[in-house]
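Q: sequence plus predicted model, see below.
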Amino acid sequence: MNRLLVWGYFSRKPWAAIQTEEGFLFHECYSASKGFDPEKFHRAVIEPGPKDLVIQKAQIQSKELALNTYGKYYADALPIITFSTADGKTHRFAVDKKYSLPVVCRFFDLRDDEIVQPKRRLDYGRSLARNENSSPRYLLGFYLCIGMDLAQLVALPIMPYLPWLVLSGAALILPAILSLRHPEWYSLTMFGIDSKFLYGKRLLPAWLLLFPPLFLLMLRLPDVTYLSDARLVLIGMLPAAFLSLIIWLLSPERKVSGWLLAVVLLAWTGFGISAGAAVNAVPYYNAAPDRTEICRITALEQYREADCWITTAGPEGELRFFVSRDYFDRLTVGDAVTVDFYDGALSIPFACVSES
């Protein structure tokens, strides 16, 4: 065999690799209408044309055949032949998969030390033992994660705050526990050639359902704080950031697709500011205020019929509060109002107007 079909590593175009006395000639076999043109492949001759690439053996400083078995693109999943020449250039082609390894090695005159085997990467579906008889039980765990997320969403307006927060925390932690306990069945990442989601259940979709209820909850939380925005965000992210760090250190997915797991956990930590706000508000629903102050109203604002705000002056300076329409209609500038101050479960102090 004096010619092989190879593909441009970057251009993805077909070439005919032809042996010559001096080295190798690469003739492009591409046409706009057909893509790969078999006639150009079989008609290619050893006399170089204006568009042909010639690599002389005397100019080859090194050559290498990388046996890739994975990749995002077609050419990445094929054996890659690389030539480094004396002029400082590197030429790289993907060898068509129809040729066996001995044929390719003989064609390019490759030694054993010029063949690079693929690195062993963990393939969850094949390297982790799975008992298919237990599939219904693990499927139940997958549906349990989704069910708990939906339950906290439905229970948001009717369940007392502390039990709701416990349910939300369990819904948050359960997917992580399952993925760490049974990595052969559950995955936190969404895609990747080595990810076990090809064989198991993806838990990330259920995991992200946590955030809409938490964001909805923030609409009814006391959100007036006198911390800087940067400190507020930093402290609010602490619970999710701490949990993300533990998952990163323990998850076997980090060894396979670390960058993807990092992106997932960073995004989850960003969304997790709502989880921090929910934990910080526990005293508002379950304890008396840390202190109460009588403050004077300095301004009244109404943007829409139900969008009512008051500004007060007190020991903490001016604070702006959202109040109900009925309460707003009874107020005038200069009135005294009762403001309850809380230190917050995460040391994020906040205050709210007592409308009673």
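A: Alright, I've got the coordinates. Just so you know, these numbers come straight off a predicted model, no measurement behind them.

Q: any idea which helix or strand carries the residue lying closest to residue 262 once chain neighbours are set aside?
A: The shortest distance from residue 262 to any residue that is not its chain neighbour, by C-beta to C-beta, 6 or more residues apart in numbering, is 7.1 Å, and that residue is residue 248. Every C-beta, even on glycine, is put in place using the N, C-alpha and C of the backbone. Residue 248 is part of helix 229-250, with elements assigned from DSSP states H and E.

Q: can I get that helix as PDB, trimmed to CA atoms?
A: Listed next in PDB are the C-alpha coordinates belonging to helix 229-250 (Å, rounded to 0.1, in the frame of the first residue of the first chain):
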ATOM      1  CA  ASP A 229     -22.500  44.800  49.100                       C
ATOM      2  CA  ALA A 230     -19.200  43.000  48.700                       C
ATOM      3  CA  ARG A 231     -19.300  41.700  52.300                       C
ATOM      4  CA  LEU A 232     -22.900  40.800  52.000                       C
ATOM      5  CA  VAL A 233     -22.300  38.700  48.900                       C
ATOM      6  CA  LEU A 234     -19.200  37.100  50.400                       C
ATOM      7  CA  ILE A 235     -20.900  36.000  53.600                       C
ATOM      8  CA  GLY A 236     -24.000  35.000  51.800                       C
ATOM      9  CA  MET A 237     -22.000  32.600  49.600                       C
ATOM     10  CA  LEU A 238     -20.200  30.900  52.500                       C
ATOM     11  CA  PRO A 239     -22.600  27.900  52.900                       C
ATOM     12  CA  ALA A 240     -22.600  26.900  49.200                       C
ATOM     13  CA  ALA A 241     -18.900  27.700  48.900                       C
ATOM     14  CA  PHE A 242     -18.000  25.400  51.900                       C
ATOM     15  CA  LEU A 243     -20.100  22.600  50.500                       C
ATOM     16  CA  SER A 244     -18.700  23.000  47.000                       C
ATOM     17  CA  LEU A 245     -15.100  22.700  48.400                       C
ATOM     18  CA  ILE A 246     -16.000  19.500  50.100                       C
ATOM     19  CA  ILE A 247     -17.600  18.000  47.000                       C
ATOM     20  CA  TRP A 248     -14.600  19.100  44.900                       C
ATOM     21  CA  LEU A 249     -12.100  17.400  47.200                       C
ATOM     22  CA  LEU A 250     -14.200  14.100  47.500                       C
END
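
Q: now that helix: buried residues?
A: Burial within helix 229-250, assessed by neighbour count using 16 or more other C-beta atoms under 10 Å, is assigned to 232, 235-241, 243-244, 247-248.

Q: equivalent analysis for stretch 255-268, please.
A: With burial defined by 16+ other C-beta under 10 Å, the residues of stretch 255-268 counted as buried are 256-257, 260-261, 264-265, 268.

Q: the strands in the stretch 201-350 of the chain, which residues?
A: Using DSSP state E, counting those that start in this stretch, the strands of the stretch 201-350 of the chain run over residues 201-202, 224-225, 291-304, 307-314, 317-323, 336-342, 350-354.

Q: adding distance to residue 42 and mean pLDDT, write those strands out as CSV.
A: As requested, the strands of the stretch 201-350 of the chain are exported to CSV (distance: least, C-beta to C-beta, whole Å; pLDDT from 0 to 100):
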stretch, distance to residue 42, mean pLDDT
strand 201-202, 47, 64
strand 224-225, 75, 66
strand 291-304, 76, 86
strand 307-314, 76, 84
strand 317-323, 78, 83
strand 336-342, 82, 87
strand 350-354, 78, 83
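
Q: how far away is the spatially most central residue of the chain from residue 187?
A: Compute the mean C-alpha point of the chain, and by C-alpha atoms, centre = their mean the closest residue is residue 264, 2.9 Å away. With distances defined as C-beta to C-beta, to the nearest Å, the gap from residue 264 to residue 187 amounts to 10 Å.

Q: repeat that for residue 260.
A: Residue 260 is 10 Å from residue 187, where distance means C-beta to C-beta.

Q: same check on residue 346?
A: Separation of residue 346 from residue 187 (C-beta to C-beta): 31 Å.

Q: cool, and residue 283?
A: Distance check for residue 283 against residue 187: by C-beta to C-beta, it reads 37 Å.

Q: was I right about residue 351 contacting residue 340?
A: Yes - because the distance of 6.5 Å satisfies C-beta atoms under 8 Å, residue 351 is recorded as touching residue 340.

Q: can you pick out the residue with more neighbours from those two?
A: residue 351 (24 against 17; other C-beta atoms under 10 Å).

Q: count of residues packed around residue 38?
A: Residues near residue 38, counting by other C-beta under 10 Å, number 11.

Q: same deal with residue 311?
A: The local packing of residue 311 (other C-beta under 10 Å) involves 16 other residues.

Q: ok, the nearest residue to it once chain neighbours are set aside - contacts?
A: Among residues not flanking residue 311 along the chain, residue 299 sits closest, at 4.0 Å (C-beta to C-beta, 6+ apart). Neighbouring residues of residue 299 by C-beta atoms under 8 Å, 6 or more residues apart in numbering: 310-311, 333.

Q: now flag whichever of those is closest to residue 15.
A: The shortest separation between residue 15 and any of the contacts of residue 299 is 73.3 Å, and it belongs to residue 311 (by C-beta to C-beta).
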